[in-house]
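A.B. asks: 3D, please:
(chains A and B)
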There are 2 protein chains.
Amino acid sequence: MRRPAIDFYYEFSSPYSYLAATRIGALAERAGVHVEWKPFMLGPIFAELGYSSSPFVDVPLKGNHMWRDVERLAVHYGLPDFVKPDPFPVNTLLAARVALHLNDASRPGFTVAAYKAMFAKGCDLSDRTVVQRVLAGLGHYCDHVMEAAELPANKEALKAQTQAARAAGVFGAPSFVAQDGELFWGNDRLEMALAHAVEAAGLPEASKAS
Amino acid sequence: MRRPAIDFYYEFSSPYSYLAATRIGALAERAGVHVEWKPFMLGPIFAELGYSSSPFVDVPLKGNHMWRDVERLAVHYGLPDFVKPDPFPVNTLLAARVALHLNDASRPGFTVAAYKAMFAKGCDLSDRTVVQRVLAGLGHYCDHVMEAAELPANKEALKAQTQAARAAGVFGAPSFVAQDGELFWGNDRLEMALAHAVEAAGLPEASKAS
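C.D. replies: Residues are numbered from 1 along each chain as shown, chains lettered A, B, ... in the order given. This is a model prediction of the structure:
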């Protein structure tokens, strides 16, 4: 039996990714599933799918429900009161680059802190100083980190990760991809994705679905 | 305290409405919530929203995930193996008219049986004889019911119910609308909608959110 593992693809401007990011640590710990935190950019994928913007922006009724839904879920999960970013979506390219640059041990903490800055404290994550403050608050040498995050190699790495997401079939965020390639879309599927990861790891290679 | 109640808006061609329809009876019974079963037509609402077809058709990656997701959820809920209708979406106008025509006691049973004919047994619900067989299987005088369902008054009543759905803010199916107007979209929100209905019924009128 392999160690159960899952790829967690998240986009910083996605409210449902925020909800998943605040929940996945404890749930995966309990389930015994290793999580690869994978920031990516949803914009290029939406463009490929022919969306002019987020469906939450393109269809106002759907967008209004989404904000109310996230607000209700934040209460349900015991998170701080949800703050809707205005304007939306927010340019979160820098945050994604920083998250990708950080190592596996630092990435989850930065990710959750950056999400909370935006969706619980109402900070503008497109503002460099906000990203700096989040990093500094976690004890990072923020200038060094931000400089490294914006080197060409890291910019390319984020593009490659977005391509990897696309190759895995990701069309929205958050998405969870198990080792057998099974994809689960949305914060609502986090628990099912973890259960699947455990099950998939226990099956002999030959018996798994392709 | 009023009796907790909820409007359950469903569209026959919607796979997630099928999942909700098979679950809502027992869950609402346990929660003590009265359910108004409200068949409506999503097509006119999608047209108003500017969709050329279902988003599951327009965005193939999203559609593929949806079919796999429904298949997994059917297993999770202990339902029979899910059968994908082909082609999709199915013209379910007749089924909606019949469901609307039936009285409150008969509507849930017909709804669930019609959904199972389509999504568990692979029958073509756009076929009149399938609708007839579902009715006959429930002991209805199927010719009488179908004749009444296609009278102008009932056709107009279905249009009115679709307008009522639109007025309640419905933009997808299934949707659940509580007495205070709170709308919950999707099979995933059924439990939350029922809990909200119970809570809303217990609050004095004046303290409720607008």
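
A.B. asks: who does the strand or helix carrying A:Leu100 touch, helix- and strand-wise?
C.D. replies: Secondary structure here is read from DSSP states H and E; on that basis A:Leu100 sits in helix A:93-101. Applying 3 or more Cβ pairs under 8 Å, 6 or more residues apart in numbering or on different chains; DSSP states H and E, one finds that helix A:93-101 contacts strand A:34-39, helix A:107-119, helix A:128-137, helix A:142-149, helix A:152-167. C-beta here means a position set from N, CA and C on the backbone, and glycine is covered the same way.

A.B. asks: May I see the buried residues of stretch A:71-90?
C.D. replies: Neighbour counts over stretch A:71-90 (16 or more other Cβ atoms under 10 Å in any protein chain shown) mark A:72-74, A:79, A:82-83, A:85, A:89-90 as buried.

A.B. asks: As a markdown table, these with distance to A:Thr22 would be great.
C.D. replies: Compiled in a markdown table, the buried residues of stretch A:71-90 are given as follows (distance: Cβ to Cβ, whole Å):
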| residue | distance to A:Thr22 |
| --- | --- |
| A:Arg72 | 15 |
| A:Leu73 | 10 |
| A:Ala74 | 9 |
| A:Leu79 | 6 |
| A:Phe82 | 11 |
| A:Val83 | 14 |
| A:Pro85 | 16 |
| A:Pro89 | 19 |
| A:Val90 | 17 |
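
A.B. asks: restrict these to contacts with chain B.
C.D. replies: Of the entries in the buried residues of stretch A:71-90, the ones placed beside chain B under the rule of Cβ under 8 Å from any Cβ of the partner chain are A:Arg72.

A.B. asks: Need the residues that contact stretch A:136-145.
C.D. replies: Among residues not part of stretch A:136-145, those counted as contacts by Cβ atoms under 8 Å, 6 or more residues apart in numbering or on different chains are A:98, A:101-102, A:106, A:109-110, A:113, A:131-133, A:135.

A.B. asks: which one of those sits closest to A:Pro39?
C.D. replies: Looking at these and their distance to A:Pro39, the nearest is A:Val98, at 8.8 Å (Cβ to Cβ).

A.B. asks: what's the closest one in contact with, if anything?
C.D. replies: A:Val98 makes contact with A:110, A:114, A:131, A:135, A:145-146, A:149 under the criterion Cβ under 8 Å, 6+ apart.

A.B. asks: so can I have JSON lines of the helices and strands packed on helix A:93-101 showing distance to B:Ala28 and mean pLDDT?
C.D. replies: Formatted as JSON lines, the helices and strands packed on helix A:93-101 follow (distance: least, Cβ to Cβ, whole Å; pLDDT from 0 to 100):
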{"stretch": "strand A:34-39", "distance to B:Ala28": "36", "mean pLDDT": "98"}
{"stretch": "helix A:107-119", "distance to B:Ala28": "32", "mean pLDDT": "98"}
{"stretch": "helix A:128-137", "distance to B:Ala28": "44", "mean pLDDT": "98"}
{"stretch": "helix A:142-149", "distance to B:Ala28": "51", "mean pLDDT": "96"}
{"stretch": "helix A:152-167", "distance to B:Ala28": "39", "mean pLDDT": "98"}
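
A.B. asks: Pipe the ones you listed into a markdown table and attach mean neighbour count per row.
C.D. replies: Shown next, in a markdown table, are the helices and strands packed on helix A:93-101 (neighbours: other Cβ atoms under 10 Å in any protein chain shown):
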| stretch | mean neighbour count |
| --- | --- |
| strand A:34-39 | 20 |
| helix A:107-119 | 22 |
| helix A:128-137 | 17 |
| helix A:142-149 | 16 |
| helix A:152-167 | 14 |
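
A.B. asks: Figure out which of those is closest to A:Met192.
C.D. replies: Each of these was scored for nearness to A:Met192 using Cβ to Cβ, and the closest is strand A:34-39 (14.9 Å).

A.B. asks: What parts of chain A come near chain B?
C.D. replies: Neighbours of chain B within chain A, by Cβ under 8 Å from any Cβ: A:49-50, A:55, A:59, A:61-62, A:64-65, A:68-69, A:72, A:76, A:169, A:171-172, A:182-185, A:188-189, A:192.

A.B. asks: Skip the chain neighbours and tell me the closest residue to A:Leu61.
C.D. replies: With Cβ to Cβ, 6 or more residues apart in numbering or on different chains as the criterion, A:Leu61 has its nearest non-adjacent residue at 4.0 Å, and that residue is B:Phe171.

A.B. asks: What's the separation between the one you found and B:Phe40?
C.D. replies: Taken as Cβ to Cβ, to the nearest Å, the spacing of B:Phe171 relative to B:Phe40 amounts to 12 Å.
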